[in-house]
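> the sequence isn't on hand, but the structure is:
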Ligand SMILES: O=P(O)(O)O[C@H]1O[C@H](CO)[C@@H](O)[C@H]1O
Ligand SMILES: O=c1cc[nH]c(=O)[nH]1
C-alpha cells in the first residue's frame, strides 16, 4: 500500500466527490463510454434502460445507468489530452484510492473505457462516413514528457520515425490500445492507427488565417511506414487515453466516426448519424459479449 495522498494532491469536494469530475465512487460503472462533446452524453444514455445518476461540472458530464442490464457510464471529457489526464487520473482514483483514508487500495480495479469520437481521415480510401477503431495512437502533444511509460520496440520505432519525419524537437509517443477491446468492438470497423494532435487547425495541417509551421503534415504523417504500421486519422485525445490507461492499468479503446476526409476534402453529410450508428453498435457489442 502507498502513502496517504495529501489534500493538495488529490482534491476532494466537501460532499466527498472528486474535484473536477464531481463524482462519488458509487456513481461510476466499470464500463465507461467517453465522448468529447458534453451534449453527446445524452446521445449515448438515451439508449440506457435507466439513468440512475446524472452529475456535471465544467465539461465533465456523467450519466450512469444500465444498458440491457449491464452497468454503464457515459461521460464527456471536452477536447484535448490535457483534459484526458485529469479525466483518467480522477476516474482511476475513484476506484483505486480510498477517498476517506486517502490511501491507495491494496487491490487494483481495472476499468474499461471506450472513446466514441469524431475524427478526420488522412487516407483517400478511408472516406467520410467510415467507422475506425484505433489499434495504436501517436501523441503529437507533450503529455508523456511528464510520465514514465514503458513502450514496445515497435512503439519506440514509430515514435522515432514520426519525430524524424516531422523534424520536431519534442518527443512524439506511440501507444497501443487494448487488444481485447479491439477484438470485441473493432469487428466490422476499419482498423487504423491514430494521430492525436494538440489542436484542430495548425497541428492537423489546417490553414484558416494562419499558415501551419508544417503545412504538409498530412503527407508527412501518411508517408510513415514501420513494419505494417501506417497512420490513418487525426483527432485530439486517443494517445492520451492509451498512455494514461497503460500507466494506470485500465483497458482503453478509441472508436472514431470519420467525419472529414483531409485528402479529398469531403465532409460527412450526416456526421451525427455516423456517431449514432457507432454508439448503437458499440453498446450492442458490449451487451452481447
Ligand atoms: O468528437 P470528439 O469526441 O470531441 O473528438 C474530436 O472532435 C474534437 C474536434 O472537433 C476533438 O475532441 C477530436 O478528438
Ligand atoms: O478532422 C478532424 C475531425 C474531427 N476531429 C478532429 O480532431 N479532426
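Arrived safely, thanks for sending. Because the structure is a prediction, the values reported are computed rather than measured. Ligands and ions are numbered 1, 2, ... in the order given.
> secondary structure element for whatever residue of the stretch 101-250 of the chain ends up closest to ligand 2?
With C-beta to the nearest ligand atom as the measure, residue 120 is the residue of the stretch 101-250 of the chain nearest to ligand 2, at 2.2 Å. Every residue, glycine included, has its C-beta placed from N, CA and C. Assessed by DSSP states H and E, residue 120 sits inside strand 112-121.
> again, but for residue 34
Residue 34 belongs to strand 31-35, assigned by DSSP H and E.
> quick check: angle from that strand to strand 112-121?
Angle between the axes of strand 31-35 and strand 112-121 is 30 degrees (criterion: axes from the mean of the first three to the mean of the last three C-alpha atoms, to 10 degrees).
> the following helix or strand past strand 31-35 close to ligand 1?
Tracing the chain C-terminally past strand 31-35 and defining elements by DSSP H and E, one meets helix 41-45 next. No: using C-beta under 6 Å from any ligand atom, we find that helix 41-45 stays clear of ligand 1, coming within 11.0 Å at best.
> what does helix 41-45 contact?
33, 35, 51, 61-63, 65, 74-76, 116, 272, 275-276, 279, 283 (C-beta atoms under 8 Å, 6 or more residues apart in numbering).
> for the closest residue to ligand 1 within the stretch 101-250 of the chain, give the beta-bridge partners.
Relative to ligand 1, the nearest point of the stretch 101-250 of the chain is residue 117 (2.8 Å; C-beta to the nearest ligand atom). Here residue 117 sits in beta bridges with residue 256, as judged by DSSP bridges.
> ok, it - contacts?
Counting by C-beta under 8 Å, 6+ apart, residue 117 makes contact with 35-36, 235, 237-238, 254-257.
> same thing but 10 Å
By C-beta atoms under 10 Å, 6 or more residues apart in numbering, the contact list for residue 117 reads 34-37, 40, 77, 79, 134, 194, 235-238, 241, 254-257, 259, 275, 278.
> follow-up on the earlier one: name the helices or strands packed onto the strand holding residue 34?
If contacts are counted by 3 or more C-beta pairs under 10 Å, 6 or more residues apart in numbering; DSSP states H and E, strand 31-35 sits against helix 41-45, strand 60-67, strand 70-76, helix 81-96, strand 112-121, strand 251-261, helix 271-287.
> can you tell me which of these is nearest to residue 212?
Using C-beta to C-beta as the measure, strand 112-121 is the one of the helices and strands packed on strand 31-35 that comes nearest residue 212, at 14.2 Å.
> now the residue of the stretch 1-150 of the chain found nearest ligand 1: how far from residue 270?
In the stretch 1-150 of the chain, the residue that lies nearest ligand 1 is residue 36 (2.1 Å; C-beta to the nearest ligand atom). Residue 36 sits 18 Å away from residue 270, going by C-beta to C-beta, to the nearest Å.
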